[in-house]
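Student: Everything below, folded, please.
(chains A and B)
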Amino acid sequence: MNRIKSRFNLKSFLLLVLALLLGYGIRPVRAMHIMEGFLPKGWAIFWFAVSVPFWIIGFIQIRKIVAEKPESRLLLGFSGAFSFVLSALKIPSVTGSCSHPTGTGFGALLFGPFPMAIIGTIVLLFQSLLLAHGGLTTLGANAFSMAIAGPLIAWAVWKALKDKLPQSWVIFLAAALADLLTYVVTSVQLALAHPDPVGGFAVSFAKFGSIFAITQIPLAISEGILTVLIFNALKKNAPAELKSLGIEGV
Amino acid sequence: MRWIDRFAYNNRIRRLDPAVKAGFSLIMILVCLGFDRPYVSAAALLLILILSVSLAGLPLRSFLKILAGEAAFLILSVVPIAVSIVRPSAAEPVPVFPLKLLITRDSALNALNLLTRTLACISAMNFLSMTTPVVDLIDLAGRPRVPEIMIDLMTLIYRFIFTLFDCLERMTAAKESRLGFRSLRTAFRSAGEIAANLFLETYRRSRKLQVSLESRCWDGAFRVIPQTYDPIRSLWERAPSRNQPVQNRETL
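Tutor: Residues are numbered from 1 along each chain as shown, chains lettered A, B, ... in the order given. Modelled structure (predicted):
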């Protein structure tokens, strides 16, 4: 009896709950990609229209970057592939989750948030084709939540807090907030497209929001921690590479 | 992922012009979204299933398996549309649970419509991605003069996805064989180190590729010979499809 009791102490219980929460976070993460056909035509067009200005700015910036340094074409391509492949990274108990903010966040640090809007959209397009996550008509909406809003907030947090807080905290906040914003924007998109017949937008937002909260809040935290660990490992192993990439202050 | 990609390169209508296949999928999606009626969507779903089995020769089991995986998530997102939450009126006795869950006829029909529509659209997308390799789609994107940089970026990203994926798999296996994912703590550390090394690998490979390209007088653009495809009439003329080995994005 005593042995059983000592095994089930509070700490291991909390760890178990955390593990379950994280483990549960595995699968419905995919629900963050709005599926093909899930948005009515009006909203699909609307989110394309919202994303277009960001794509145009991103395209102009990419053209400038490539004209100045032809080799950045390769680096842009590789960072896109990096953020695609990172979604297959085995995150602790969150196997196969999608870590866009980590991947696109790195890219946003390298090239700024707008070129990442283009790269992120290509990555989303490939995810819809190769992994069957997301879709074509919902590409505008998905791009806005994952390739535009996420990287923008990560970049803004990094720029604003870089010198004010310890670096680990800034990185944690940037990654976690980017993840949370993606989740809030997706919930808003779904609630706008499918308002509750009784309570309208607000109730619908509460419904979608609470379903995703179960998976997305633990995921945001674990992704924040992970991004800090990635940065620490990079600082330790490859200060020269980071410097030549122009990530200052790392 | 490789599953879908493998089908894309090995199916009976692989050589068919990607414009035909993409056009078919897009029309199906637009019809489903445009009519927005459950029976239209169900008919579209059936048509896509029949075509992908009889025309493309995809195994029905695999097609349904991929579809079922997506349907599971779909049901999760359809449930909140069917169920609404209402606050009970003051006249009613105070319930145990302060909110009432409610499914009306309208909301159930609405959810059903959404379910069939999304299923049909998803299967249209799956039809496209399981019959058309991404390289053909990139070729297709080049036809209406999408800017060259975009085409290059798409080609590069598609190519690098597979090299980096390989790299990631090997690093994960290495970490696992050293019990790197044994506990939550070590798993976090391992995942962080893998991602950091993957990032470095990414950077180093891009540098190496740059050197190798520049040593061959690379001027900043990737040019490949466009593929030749079977026209749509090959579907009923049954001409033997020519499988010429061409230098293209596949062999880049």
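Student: all helices for chain A, in order.
Tutor: For chain A, applying DSSP state H gives helices covering A:2-7, A:10-24, A:41-68, A:72-86, A:100-111, A:113-126, A:139-142, A:150-161, A:167-193, A:200-237, A:239-245.
Student: Put together CSV for these, with mean pLDDT and mean neighbour count on each row.
Tutor: Yep, even glycine has a C-beta here, placed from its N, CA and C like the rest. Below are the helices of chain A laid out as CSV (pLDDT from 0 to 100; neighbours: other Cβ atoms under 10 Å in any protein chain shown):
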stretch, mean pLDDT, mean neighbour count
helix A:2-7, 45, 8
helix A:10-24, 45, 13
helix A:41-68, 90, 16
helix A:72-86, 82, 26
helix A:100-111, 66, 27
helix A:113-126, 87, 26
helix A:139-142, 90, 26
helix A:150-161, 85, 22
helix A:167-193, 85, 22
helix A:200-237, 79, 20
helix A:239-245, 72, 13
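Student: Put together TSV for the ones you listed, with distance to chain B on each row.
Tutor: TSV is the format used below for those (distance: least, Cβ to the nearest Cβ, whole Å):
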stretch	distance to chain B
helix A:2-7	16
helix A:10-24	6
helix A:41-68	5
helix A:72-86	3
helix A:100-111	7
helix A:113-126	6
helix A:139-142	11
helix A:150-161	15
helix A:167-193	7
helix A:200-237	3
helix A:239-245	6
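Student: I figured residue A:55 was touching residue A:121, is that so?
Tutor: Yes: counting by Cβ atoms under 8 Å, residue A:121 is a contact partner of residue A:55 at 6.8 Å.
Student: thinking again about what came up before, got TSV for the helices of chain A, with distance to residue B:57 too?
Tutor: Listed next are the helices of chain A as TSV, based on distance: least, Cβ to Cβ, whole Å:
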stretch	distance to residue B:57
helix A:2-7	55
helix A:10-24	38
helix A:41-68	32
helix A:72-86	29
helix A:100-111	35
helix A:113-126	24
helix A:139-142	29
helix A:150-161	40
helix A:167-193	36
helix A:200-237	37
helix A:239-245	47
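Student: Now do the contacts for residue A:121.
Tutor: Neighbouring residues of residue A:121 by Cβ atoms under 8 Å, 6 or more residues apart in numbering or on different chains: A:51, A:55, A:139, A:143, A:147.
Student: and with 6 Å instead?
Tutor: Residue A:121 sits next to A:143, A:147 when contact means Cβ atoms under 6 Å, 6 or more residues apart in numbering or on different chains.
Student: ok, it to residue A:183 distance?
Tutor: 19 Å (Cβ to Cβ, to the nearest Å).
Student: go on, residue B:55?
Tutor: Note on residue B:55: its distance to residue A:183, by Cβ to Cβ, is 40 Å.
Student: what residues are up against residue 38?
Tutor: Picked chain A for this. By Cβ under 6 Å, 6+ apart, the contact list for residue A:38 reads residue B:118.
Student: wrong one, chain B
Tutor: B:113, B:116.
Student: cool, and the one 10 residues further on?
Tutor: Remark: with contacts taken as Cβ under 6 Å, 6+ apart, residue B:48 is in contact with B:123, B:124, B:127.
Student: any idea of the mean pLDDT in the helix or strand hosting it?
Tutor: In the assignment (DSSP states H and E), residue B:48 maps to helix B:38-54. Helix B:38-54 carries an average pLDDT of 90.
Student: What are the buried residues along that helix?
Tutor: B:38, B:40, B:41, B:43, B:44, B:45, B:47, B:48, B:49, B:51, B:52 (16 or more other Cβ atoms under 10 Å in any protein chain shown).
Student: wait, isn't the third one in contact with residue B:33?
Tutor: No: in this structure residue B:41 lies outside contact range of residue B:33 using Cβ atoms under 6 Å: 9.4 Å.
Student: ok, which stretches of chain B are strands?
Tutor: Assigned strands in chain B, in chain order: B:83-86, B:100-103 (criterion: DSSP state E).
Student: Give the pairing partners of the first one; include direction for each.
Tutor: By that I understand strand B:83-86. According to DSSP bridges, strand B:83-86 forms sheet pairs with strand B:100-103 (antiparallel).
Student: Dump the C-alpha coordinates for the strand it pairs with into PDB.
Tutor: The C-alpha atoms that make up strand B:100-103 are tabulated as PDB, following Å, rounded to 0.1, in the frame of the first residue of the first chain:
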ATOM      1  CA  LYS B 100     -28.100  24.000 -22.200                       C
ATOM      2  CA  LEU B 101     -26.800  22.100 -25.300                       C
ATOM      3  CA  LEU B 102     -29.200  22.200 -28.200                       C
ATOM      4  CA  ILE B 103     -29.400  20.500 -31.600                       C
END
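Student: Now do the same contact list for residue A:209.
Tutor: Residue A:209 neighbours (Cβ under 6 Å, 6+ apart): residue A:187.
Student: Compute the distance between it and residue A:202, please.
Tutor: In terms of Cβ to Cβ, residue A:209 sits 10 Å off from residue A:202.
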